[in-house]
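A.B. asks: heads up, no residue letters with this:
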Ligand code: SF4
């Protein structure tokens, strides 16, 4: 059996910063409140929960004068205002790459541009980005959905940071042919996402891979995109959150296995999988 570890597997810069920062802030504050999940990795969430990180669904649940963290992929703008007015302190964990897109969208409002976000409606980052558009916003995830965009003199199209880059290019081509010079297109797929997808495609192209193991949260958008890359190439793909979800007895002697992981998967979970496979 041949085992290939994707050298880009695991935490991206934004997730590493967020986890390190909140871990250190939890030494100063006994409790820190955060909207939803800090990252899409249940094992990391449960570890931080034990240290005092409390997740809320609605800001009204948070006691007055609490310490509140802003999650990695941002929150809606009106919630940010409530936090500023009611929290005793704020721990900003929002990734600088997401903050940059929020600024691009805010600027688009100054030129009365309608914003198109290539992404998924229910993703926290998209909910946050939508809230910064002051002249209308449409979320699409496929070239066929370009017809959902209402008539506008000026348009700006950007992407969720973890969107599939190949799909973004396809939507861009449709958008350009439909709107011509009235649309500005900025590829805001995060470098970390771009590099991971590109690296995995290269590994799958250069090797005769029989199995792909993608480690990461089942709700993690960037992890799901990595698994999609394997499935679209008809490679037996296993999207697992941890070692227990993979049947080691399915590994055959002549297998070539690539192991990769999403940007929110901690090293220790990747190492557990690699060690178990090495022992075979
Ligand atoms: S994937 Fe990119 S945008 Fe998201 S947290 Fe990581 S570095 Fe930031």
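C.D. replies: Received the coordinates, thanks. Just so it is clear, the model here is predicted, and its values are computed rather than measured.

A.B. asks: Tally up the residues packed near residue 122, please.
C.D. replies: 9 (other Cβ atoms under 10 Å). The C-beta positions use only the backbone N, C-alpha and C, and glycine is treated the same way.

A.B. asks: Secondary structure of it: a strand, I assume?
C.D. replies: No - assessed with DSSP: H, G, I helix; E, B strand; the rest coil, residue 122 is coil; it does not lie in a strand.

A.B. asks: Tell me how far it lies from the ligand.
C.D. replies: Using Cβ to the nearest ligand atom, to the nearest Å, residue 122 is found at 17 Å from the ligand.

A.B. asks: Figure out the length between the terminal residues of stretch 54-62.
C.D. replies: The first and last residues of stretch 54-62 sit 9 Å apart, counting by Cα to Cα, to the nearest Å.

A.B. asks: buried ones in it?
C.D. replies: Counting neighbours by 16 or more other Cβ atoms under 10 Å, one finds that the buried residues in stretch 54-62 are 54, 55, 59, 62.

A.B. asks: surely the first one meets residue 33?
C.D. replies: It refers to residue 54. Yes - checked against Cβ atoms under 8 Å, the pair residue 54 and residue 33 is within contact range at 5.1 Å.

A.B. asks: show me where the stretch 101-250 of the chain has strands.
C.D. replies: 114-118, 137-140, 155-159, 183-185, 211-215, 236-240 (DSSP state E, counting those that start in this stretch).

A.B. asks: ok now the second one, how far from the chain's centre?
C.D. replies: Which is strand 137-140. 18 Å (Cα atoms, centre = their mean, to the nearest Å).

A.B. asks: now for that strand, which elements pack on it?
C.D. replies: strand 114-118, helix 124-130 (3 or more Cβ pairs under 8 Å, 6 or more residues apart in numbering; DSSP states H and E).

A.B. asks: Kindly recompute the last result at 10 Å.
C.D. replies: Secondary-structure packing of strand 137-140 (3 or more Cβ pairs under 10 Å, 6 or more residues apart in numbering; DSSP states H and E): helix 96-110, strand 114-118, helix 124-130, strand 155-159, helix 165-179.

A.B. asks: And the contacts of that strand?
C.D. replies: 105, 108-109, 114-123, 126-127, 129-131, 145-150, 152, 155-157, 160, 171, 174-175 (Cβ atoms under 10 Å, 6 or more residues apart in numbering).

A.B. asks: Show me what from the stretch 51-200 of the chain comes close to the ligand.
C.D. replies: Neighbours of the ligand within the stretch 51-200 of the chain, by Cβ under 6 Å from any ligand atom: 72, 95, 97, 98, 161, 162, 190, 192, 193.

A.B. asks: Can you tell me which residue of this structure sits closest to the ligand?
C.D. replies: Going by Cβ to the nearest ligand atom, the ligand is nearest to residue 14 of the chain, at 2.4 Å.

A.B. asks: Surely that residue touches residue 92?
C.D. replies: No - between residue 14 and residue 92 there is no contact under Cβ atoms under 10 Å: 11.9 Å.

A.B. asks: More neighbours: the two, which one.
C.D. replies: Shown here are residue 14 and residue 92; by other Cβ under 10 Å, residue 14 has more neighbours (22 against 13).

A.B. asks: List the residues that contact that one.
C.D. replies: 39, 72-73, 93-98, 161, 190, 192, 263-264.

A.B. asks: State whether it is indeed within a helix.
C.D. replies: Yes - remark: residue 14 belongs to a helix, assigned using three-state DSSP.

A.B. asks: Give me the pLDDT value at it.
C.D. replies: On pLDDT, residue 14 comes in at 94.

A.B. asks: Identify the residue nearest residue 134 in space, chain neighbours excluded?
C.D. replies: residue 109 (3.5 Å; Cβ to Cβ, 6 or more residues apart in numbering).

A.B. asks: Same list (the strands of the stretch 101-250 of the chain) but as a markdown table, adding distance to residue 27, mean neighbour count and mean pLDDT.
C.D. replies: As requested, those are exported to a markdown table (distance: least, Cβ to Cβ, whole Å; neighbours: other Cβ atoms under 10 Å; pLDDT from 0 to 100):
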| stretch | distance to residue 27 | mean neighbour count | mean pLDDT |
| --- | --- | --- | --- |
| strand 114-118 | 37 | 26 | 98 |
| strand 137-140 | 39 | 20 | 98 |
| strand 155-159 | 36 | 25 | 98 |
| strand 183-185 | 44 | 18 | 98 |
| strand 211-215 | 28 | 26 | 98 |
| strand 236-240 | 32 | 18 | 98 |
